[in-house]
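Enquirer: how would this look folded up:
(chains A and B)
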Amino acid sequence: MPNIDLEAANREALEKLLNAAPTLIGMGVAREVVPGMKELGEKALLHAGPPITWERMSGPMRGAVMAACMYEGWAADSDEAAKLAESGEIAFDPCHHHHAVGPMAGVTSPSMPVFILENKTHGNRSYVNMNEGLGQVLRMGAFSPEVTDRLRWMEKTLYPTLRDGIAKALQDCGGIDVKNIIAQGLHMGDEMHNRNKAGTSLFLRAIVPYMIEASSDTAALVESIRFIDKNDHFFLNIAMAAAKCSLEAAHGVEGSSMVTVMCRNGTDFGIKVSGLGDEWFTCEAALPDVLLFPGFTKDDVNRDIGDSAIMETYGIGGFALAAAPAIVQFVGGTPADAANFSLEMYEISIGENNIFTLPAFNFRGTATGIDIIKVAETGVTPILDTGAAHKTAGKGQVGAGIVRMPIEAFLNAAEAFVEKYLDE
Amino acid sequence: MSENSVSSSFDSMLKSGVAVVNFGMERFSSDLKEQGVSVVHVDWRPPAAKSSLLSKLGKLKQNS
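Expert: Model (predicted):
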């Protein structure tokens, strides 16, 4: 392989990322709309992070699988679900292999409704399921009847009202401009990973008129609007899919060392690099140092989990922590710490964002486009502010905090990069 | 410089007050700060990558 113009390749990848225009254009049922899901077979589950088998799955991932089996009607209880998963009858595949993402365990089952986003600049699409809220939820590995009941309500009531509202918005104004909501949210105290209060409010403001226009079921409409309003994280999933379709447009630039996927499955951490094709570079996932909810100890915390690291890969989340002083105490820090974390991320990024800006830094663009070479050279790794799940299946969330991505995956990728591109 | 003059400049430096510059482990600087010592912390860590990888990355950047 001849030597490459590294700077030009990274500039091209970053420009593709920055020019992406992620737009919410519809909803559908996962088995019908997520590319390649049907082909996995009738019993298929997508999950967060790099590929993993049932045997190596952590507690929260297993708990989410069990919840999904019960929700789909494949198992009557958690024991039956665990036996089914053990039997090898279920096909497990990363969300990322299907242009999709999922927060925490990220388990997406065939009957789950998903949002469909389109990058209007490059034409590619991404998919994500709906956010269930906090506490006893599937994505945190909980599988009580409360979890499956809520998922069924989301499928039967929330999904039709949202789907019809989004279809109306598509017809009237070409869909919901998600990038615009993220940009505004950063100026209203969100960093879009652990705080999505502004984003959710702005989304609700954008979609409600269309939901009202499209629905004749007032009771369903009221329940749906109340559900979204009560769940500050509702917008997170949509923003994650926005990041996914933007980053996919920047993937596959020959000679680029920019990271296009960063994710965790509760056991392993994995990344993909624009110029290194479909190869995963993995290592053991980090143990988050989190602020714990009352009643939990450090021993309860599972290794880092979720596709939500796509937010930092996109240049927000921990990279925009300076935008969100309201959550720094929740994730265990001070406003000065938040600013320092965001500042440090410029050291490992290819450029600065032209749309996502930080008021605290005099509207400087967020650090965007993680460069594996800069990570290897500086030893500085991406910082995330994240939720943490209990390591035992079924227990749910234990806290939230800051976590640094482990360097080994970046070093493995850097080794592969020189092997591919250095003409010695 | 004679041994005496080195020792006298060292004495005068100590008398005028010592400022500490701490590299690496932040805990060392926070311990000193807690004791009222003036300290500047430099966030530095040794490179995590092997020198062979760093040298190849350097070459790659040079060639590109």
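
Enquirer: from here on, contacts and neighbour counts on C-alpha atoms
Expert: Will do.

Enquirer: kindly format the C-alpha coordinates of whichever strand or helix holds A:R150 as CSV.
Expert: A:R150 belongs to helix A:145-153 when assigned by DSSP states H and E. Output in CSV follows, covering the C-alpha atoms of helix A:145-153 (Å, rounded to 0.1, in the frame of the first residue of the first chain):
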residue,chain,number,x,y,z
PRO,A,145,-43.2,-7.5,34.4
GLU,A,146,-43.1,-3.7,34.7
VAL,A,147,-40.4,-3.7,32.0
THR,A,148,-42.3,-6.0,29.5
ASP,A,149,-45.6,-4.2,30.2
ARG,A,150,-44.0,-0.9,29.4
LEU,A,151,-42.5,-2.2,26.2
ARG,A,152,-45.9,-3.5,25.1
TRP,A,153,-47.5,-0.2,25.8
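
Enquirer: list the buried residues of the following helix or strand past it.
Expert: Following helix A:145-153 in sequence order, the next helix or strand is helix A:159-173 (DSSP H and E). Neighbour-count burial for helix A:159-173, counted by 16 or more other CA atoms under 10 Å in any protein chain shown, picks out A:Y159, A:P160, A:T161, A:L162, A:R163, A:D164, A:G165, A:I166, A:A167, A:K168, A:A169, A:L170.

Enquirer: quick check: beta-bridge partners of B:V42?
Expert: In this entry, B:V42 is beta-bridged to B:F23, by DSSP bridges.

Enquirer: wait, it touches B:F23, no?
Expert: Yes. Counting by CA atoms under 8 Å, B:V42 does reach B:F23; the two are 4.9 Å apart.

Enquirer: if we can go back for a sec, between the buried residues of helix A:159-173, which is nearest chain B?
Expert: A:L170 (44.6 Å; CA to the nearest CA).

Enquirer: find the closest residue to chain A in chain B.
Expert: The minimum distance from chain B to chain A, using CA to the nearest CA, falls at B:S64 (4.5 Å).

Enquirer: ok, that residue - contacts?
Expert: B:S64 makes contact with A:N3, A:I4, A:D5, A:L6, A:E7, according to CA atoms under 8 Å, 6 or more residues apart in numbering or on different chains.

Enquirer: need the pLDDT of residue 7.
Expert: Picking chain A for this. Turning to A:E7, the model gives it a pLDDT of 96.

Enquirer: oops, chain B please
Expert: Reading off the model, B:S7 has pLDDT 77.

Enquirer: who's in contact with the strand or helix carrying it?
Expert: Assigned by DSSP H and E, B:S7 belongs to helix B:3-15. With CA under 8 Å, 6+ apart as the test, helix B:3-15 has no contacts from any other residue.

Enquirer: and the stretch 251-400 of chain A, which residues reach chain B?
Expert: Selection of the stretch 251-400 of chain A residues close to chain B by CA under 8 Å from any CA of the partner chain yields A:I373, A:A376, A:E377, A:T378, A:G379.

Enquirer: wait, what's in contact with the most centrally placed residue in chain B?
Expert: Nearest to the mean C-alpha position of chain B, counting by CA atoms, centre = their mean, stands B:F23 at 4.2 Å. Remark: with contacts taken as CA under 8 Å, 6+ apart, B:F23 is in contact with B:H41, B:V42, B:D43, B:W44, B:R45.

Enquirer: show me the contacts for the closest residue in space to the fourth one that isn't next to it in sequence.
Expert: Spelled out, that is B:W44. Sequence neighbours aside, B:G24 is the residue nearest to B:W44 in space, at 4.8 Å (criterion: CA to CA, 6 or more residues apart in numbering or on different chains). Applying CA under 8 Å, 6+ apart, we find B:G24 in contact with B:H41, B:V42, B:D43, B:W44, B:R45.

Enquirer: now the buried members of those.
Expert: The buried subset of the contacts of B:G24 - by 16+ other CA under 10 Å - is B:H41.

Enquirer: just give the number of residues close to A:D423.
Expert: Residues lying near A:D423 (other CA atoms under 10 Å in any protein chain shown) number 14.

Enquirer: likewise B:G17?
Expert: B:G17, neighbours per other CA under 10 Å, totals 10.

Enquirer: would you pull up the residue in the stretch 1-150 of chain A closest to chain B?
Expert: A:D5 (4.5 Å).

Enquirer: can I assume that residue is in contact with A:G255?
Expert: Yes. Because the distance of 6.9 Å satisfies CA under 8 Å, A:D5 is recorded as touching A:G255.

Enquirer: higher neighbour count, these two?
Expert: A:G255 (24 against 17).

Enquirer: so who does the more buried one touch?
Expert: Applying CA under 8 Å, 6+ apart to A:G255 gives the contacts A:I4, A:D5, A:L6, A:A9, A:N10, A:S274, A:G275, A:Y421.

Enquirer: what are the phi and psi angles of it?
Expert: In terms of degrees, to the nearest 10, the main-chain angles of A:G255 are phi 90, psi 0.
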